[in-house]
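K.L.:
next input, structure requested:
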Amino acid sequence: EVQVVESGGGFVHTGGSLRLSCTLSGFTGDSWGVGWFRQAPGKEREGISCLSSPDGTTTYTDTVKGRFTLSSDHAKKTVYLQMNSLKPEDTAVYYCAAGHAVDDMDYWGKGTLVTVSS
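P.N.:
Next comes the predicted model:
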């Protein structure tokens, strides 16, 4: 059974940093794609970044570009989302999705809450 588990959420003040992790278990295959999404209260879910492994190709939405950085440990099937210069508008539940490619992500985690407050 494939499982996607996020961790690392929490509370941080404006301008602070957090690092989220997304770990895949039970996932077979040597290449995979992981995407990070978030859903703020009262808003629709939005995709913010994705990574292809093992080539490491990353993409970011304009709202997080320059502040958020993806990295991965291919052997551990773990993707990290380093979030810097956090703003109150980054407050949301962050979800990780995974699949054999970034345009084929069928597996979702349960989410981790990030709260940014001044």
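
K.L.:
which residues does residue 24 contact?
P.N.:
Going by Cβ atoms under 8 Å, 6 or more residues apart in numbering, residue 24 touches 2, 3, 4, 32, 34, 77, 78, 98, 107. The C-beta positions use only the backbone N, C-alpha and C, and glycine is treated the same way.

K.L.:
burial count for the closest residue to residue 4 other than its chain neighbours?
P.N.:
Spatial nearest neighbour of residue 4, chain neighbours left out: residue 109 (4.0 Å); criterion: Cβ to Cβ, 6 or more residues apart in numbering. For residue 109, the count of nearby residues is 20 (other Cβ atoms under 10 Å).

K.L.:
what residues does residue 109 make contact with?
P.N.:
Contacts of residue 109 (Cβ under 8 Å, 6+ apart): 4, 5, 6, 22, 95, 96, 97.

K.L.:
and the last one, what element?
P.N.:
The one in question is residue 97. Assigned by DSSP states H and E, residue 97 belongs to strand 92-101.

K.L.:
go on, the fourth one?
P.N.:
Using DSSP H and E, residue 22 sits in strand 18-25.

K.L.:
so who does the residue nearest the centre of the chain touch?
P.N.:
The residue lying closest to the centre of the chain (Cα atoms, centre = their mean) is residue 36, at 3.2 Å. Neighbour list for residue 36: 20, 22, 47-50, 70, 79, 81, 94-97 [criterion: Cβ under 8 Å, 6+ apart].

K.L.:
what sits closest to it if chain neighbours are left out?
P.N.:
residue 49 (4.9 Å).

K.L.:
returning to what we had before: include neighbour count, pLDDT and distance to residue 65 when you put the contacts of residue 109 into CSV, please.
P.N.:
Output for these, formatted as CSV (neighbours: other Cβ atoms under 10 Å; pLDDT from 0 to 100; distance: Cβ to Cβ, whole Å):
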residue, neighbour count, pLDDT, distance to residue 65
4, 24, 96, 24
5, 14, 96, 26
6, 22, 96, 21
22, 27, 96, 19
95, 21, 98, 19
96, 26, 97, 19
97, 19, 97, 19
